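Colleague: All I have is the shape, not the residue letters:
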């Protein structure tokens, strides 16, 4: 067993970013411990049990990354560009059947979310992405480039995965208006994803893999209302995001069943999480804790699917007879725009487009296990 475990120690030290924890009471046998995660060219086998044995003292999110739980991409390519990364990790966007802006549309006829009005009109739905932060892994030279062929349009810029430990990737949804209490022209909602980049350097034939560790769906711009999901093996990928009827607050749907279940679809700060409250579109204010009657069941025909690349490991589940998304609209991905063109079109757009540093991404050096722990938890 020692020969099997030692080769991946250097990778584990990068990601094992939390103080040791101790379990209390008897533990049930893990039914997944014998599942093979990867087999190296020399016959070395990595099972979930192998990974758990070596990482027993560390957080589940770290072990999940090595088990490929939350996997959105796997391959031997050292470089991915911004557009490719965004496409592999992109979420499903799911609307209430009574969403006012749908105007009765379903399936291929859905045109939500929309593109910003100061951009070239799109033929279908549009979702925006932002590669906000790239965290370098331990031991890489600080004076070497992480980004290559930098594209002013922020699509073709390539990321050198050999230097990367983790990534903050955001998605934005624009709507021309919202309804309900405090209704206003224009509306932008967002989702934040934490990605972990893993590679066993001793076994280059295993390639790289990228997993989603945590998803935070924002609700009405209030941090306390965040709908946050720690990804586990029961999460259906791509991550499903329910959009609140009329008001468009975003909420994670862990198993993609179209209904909100507190503690399951959101599993961080459950009592404070907003959930999805479709009743807000009526104009009434419903404060306090979430109640089941506040949300409506989503239907398959009101899902808008991401533009998953042809080699995505998630694409087959949404294909029929080799055709991807035959009954659903597929949105286009665009980089999140700068403020200047928005303000030139309409100054009222400024607060919806000004979302922090425009010169993303911020490339941050590895700064110890404590900082990596902080990143995992925020």
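Modeller: Received, thanks. Only a predicted model underlies this, so the values are computations on that prediction, with no experimental measurement involved.

Colleague: mind showing which ranges of the stretch 51-200 of the chain have poor pLDDT?
Modeller: Low-confidence segments of the stretch 51-200 of the chain (pLDDT under 70): 55, 57-59.

Colleague: The same query, at a cut-off of 90, please.
Modeller: 51-68, 137-143, 165, 178-184, 198-200 (pLDDT under 90).

Colleague: those strands in it, which residues are they?
Modeller: Secondary structure of the stretch 51-200 of the chain by DSSP state E, counting those that start in this stretch: the strands cover 71-75, 79-81, 92-95, 126-136, 147-148, 158-160, 164-177, 185-198.

Colleague: Of all those strands, which one is nearest residue 304?
Modeller: strand 92-95 (4.5 Å; Cβ to Cβ). Backbone N, C-alpha and C define where each C-beta goes, glycine included.

Colleague: so can I have a markdown table of the strands of the stretch 51-200 of the chain showing mean neighbour count and distance to residue 314?
Modeller: Converted to a markdown table, these look like this (neighbours: other Cβ atoms under 10 Å; distance: least, Cβ to Cβ, whole Å):
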| stretch | mean neighbour count | distance to residue 314 |
| --- | --- | --- |
| strand 71-75 | 20 | 7 |
| strand 79-81 | 18 | 16 |
| strand 92-95 | 24 | 10 |
| strand 126-136 | 22 | 16 |
| strand 147-148 | 15 | 26 |
| strand 158-160 | 20 | 20 |
| strand 164-177 | 22 | 15 |
| strand 185-198 | 22 | 14 |
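
Colleague: For residue 302, find the nearest of those.
Modeller: That would be strand 92-95 among the strands of the stretch 51-200 of the chain, by Cβ to Cβ, at 4.6 Å.

Colleague: From residue 270, how far out is the closest residue to residue 199 other than its chain neighbours?
Modeller: Leaving aside its chain neighbours, residue 199 sits nearest to residue 208 (4.7 Å; criterion: Cβ to Cβ, 6 or more residues apart in numbering). Counting by Cβ to Cβ, to the nearest Å, the gap from residue 208 to residue 270 is 33 Å.

Colleague: what about the two, which has more around it?
Modeller: Neighbour totals were compared for residue 208 and residue 270, and residue 208 leads with 19 against 16 (other Cβ atoms under 10 Å).

Colleague: residue contacts, that one?
Modeller: Residue 208 is in contact with 73-78, 161, 197-199, counting by Cβ atoms under 8 Å, 6 or more residues apart in numbering.

Colleague: From those, pick the one nearest residue 374.
Modeller: Of the contacts of residue 208, the one sitting nearest to residue 374 (Cβ to Cβ) turns out to be residue 197, at 17.9 Å.

Colleague: Touching, the closest one and residue 160? I think so.
Modeller: No: applying Cβ atoms under 8 Å as the test, residue 197 and residue 160 come out as separate, 10.5 Å apart.

Colleague: just the strands in the stretch 251-378 of the chain please.
Modeller: 303-305, 319-320, 323-324, 329-330, 332-335, 362-364.

Colleague: Just say which of those strands is most tucked in.
Modeller: Mean neighbour count (mean count of other Cβ atoms under 10 Å) peaks for strand 303-305 among the strands of the stretch 251-378 of the chain, with a mean of 24.

Colleague: outside of it, which residues touch it?
Modeller: By Cβ under 8 Å, 6+ apart, strand 303-305 touches 92-95, 110, 112-113, 125, 238, 240, 318, 324-325, 328-331.

Colleague: let's see 10 Å
Modeller: 90-95, 106-107, 110-113, 124-125, 127, 173, 238, 240-243, 256, 258, 314-315, 318, 324-325, 327-331 (Cβ atoms under 10 Å, 6 or more residues apart in numbering).

Colleague: what residues are up against the closest residue to residue 133 other than its chain neighbours?
Modeller: Spatial nearest neighbour of residue 133, excluding adjacent residues (Cβ to Cβ, 6+ apart): residue 168 at 3.9 Å. Applying Cβ under 10 Å, 6+ apart, one finds that residue 168 lies in contact with 130-135, 192-195, 360-362, 364, 375, 378.

Colleague: and residue 168, how far is that from residue 363?
Modeller: 11 Å.

Colleague: Now for the two: what residues contact both?
Modeller: With Cβ under 10 Å, 6+ apart as the test, residue 168 and residue 363 both reach 133-135.

Colleague: Just give me the closest of the residues you listed to residue 34.
Modeller: Nearest member of the shared contacts of residue 168 and residue 363 to residue 34, counting by Cβ to Cβ, is residue 135, at 32.4 Å.
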